[in-house]
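Trainee: Got a sequence here, can you build the structure:
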Amino acid sequence: MNENEFSTSEARPSRRGRLVGIVAMVAVLAIALGVAGAYVQLRQAAPAAPHASATPITRDGAVTAVESFLGRKLGTVDVSEPQAWPGGREVEVRETGSDRADAWVDVNTGTVIRLMLAGAIPETTTVAISSDQTRAAAEAFFKAHDISLDGLTATVKLVDHGTSKEYEIEWDRIENGVLLPDSRLVEVDPSNGVVFSFMDRRVATGPVPSPKIARDEAIRLATAASGLSNPKIEGAQLLVDSSPVWSGRLVWSVQLSEVMPEGWVSAFWVEVDALTGETIIAGQG
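Mentor: The predicted structure is shown next:
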């Protein structure tokens, strides 16, 4: 999902939008940072990232990179102009047809960093494999494409969309209780174990001081910013933001929801600057 969208029951057409936007993906964890006033030393750069090329990739080079990743020739494609994302610049290679591949290639490294296989998106509620089997299939996918998961923590979720289900597995790098913008994400068909989308996100970070805003205060500020009167706190995670707006900031990402009188759920993601207390609405729905 993108920086301005959040849905508690995401519809099928928004799947592509979720990959198009670079998100600060939130793991719901309890955070306790040792001694107040300590200094949190974060990595200068995300580890194990592909080496940048001296020459940015060409249109044909982007198509070739996607074909090499998929192990097949592409049909008719549209290739976008280079566009910014928090980790650098990328081009989108979009194949036409119902069984198309939609991929994003990092301009400087020439690697496929995101992929959606439209023809493989599950249209079933059948769950024929376990979470362990799903994780094994996802790890095999990354190994086959030489994408490292070293030092990352995995979270497996079975997501029910009503008319379909899917497994989502996210690997995150967490250091000193801080979620870094170094993660991998896959979506897997629960009926057959096929990976139909993935994201490889690695954004360079520098040293960041410890938060001056405590978790409870961040929740209070986020609640006020959301405008919700009696919200349920779904989670509060300390992370380094990688969005275009607050890239590099240490923030509390607070997720809130509230059942409205009409019966529908209003949900917000609010980011609170962990040093100043400034807030922004990162997503709502």
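
Trainee: Please name the residues that touch residue 193.
Mentor: Shown here is residue 193, whose contacts under the criterion CB atoms under 8 Å, 6 or more residues apart in numbering are 129, 133, 134, 137. The C-beta positions use only the backbone N, C-alpha and C, and glycine is treated the same way.

Trainee: mind giving me a markdown table with the residues you listed and columns for neighbour count, distance to residue 162 and pLDDT?
Mentor: As requested, those are arranged in a markdown table below (neighbours: other CB atoms under 10 Å; distance: CB to CB, whole Å; pLDDT from 0 to 100):
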| residue | neighbour count | distance to residue 162 | pLDDT |
| --- | --- | --- | --- |
| 129 | 18 | 20 | 97 |
| 133 | 14 | 24 | 97 |
| 134 | 24 | 20 | 96 |
| 137 | 19 | 24 | 96 |
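
Trainee: quick one: which of those is nearest to residue 67?
Mentor: Each of the contacts of residue 193 was scored against residue 67 by CB to CB, and residue 137 proved nearest at 22.7 Å.

Trainee: Pull out the buried positions in stretch 163-182.
Mentor: For stretch 163-182, the neighbour count (16 or more other CB atoms under 10 Å) marks 164-174, 177-182 as buried.

Trainee: what about it, distance to the chain center?
Mentor: Relative to the chain's own centre, stretch 163-182 is displaced by 7 Å; criterion: CA atoms, centre = their mean, to the nearest Å.

Trainee: end to end, how far does that stretch reach?
Mentor: Its first and final residues considered, stretch 163-182 spans 32 Å by CA to CA, to the nearest Å.

Trainee: Could I get the CA-only coordinates of stretch 131-142 as PDB?
Mentor: Output in PDB follows, covering the C-alpha atoms of stretch 131-142 (Å, rounded to 0.1, in the frame of the first residue of the first chain):
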ATOM      1  CA  SER A 131       3.000 -21.600   7.600                       C
ATOM      2  CA  ASP A 132       6.300 -23.500   7.900                       C
ATOM      3  CA  GLN A 133       5.900 -24.900   4.300                       C
ATOM      4  CA  THR A 134       5.100 -21.400   3.100                       C
ATOM      5  CA  ARG A 135       8.200 -20.000   4.700                       C
ATOM      6  CA  ALA A 136      10.300 -22.800   3.200                       C
ATOM      7  CA  ALA A 137       8.900 -22.000  -0.300                       C
ATOM      8  CA  ALA A 138       9.600 -18.300   0.200                       C
ATOM      9  CA  GLU A 139      13.200 -19.000   1.400                       C
ATOM     10  CA  ALA A 140      13.800 -21.200  -1.600                       C
ATOM     11  CA  PHE A 141      12.600 -18.400  -3.900                       C
ATOM     12  CA  PHE A 142      15.100 -15.900  -2.400                       C
END
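
Trainee: Appreciated, that's everything.
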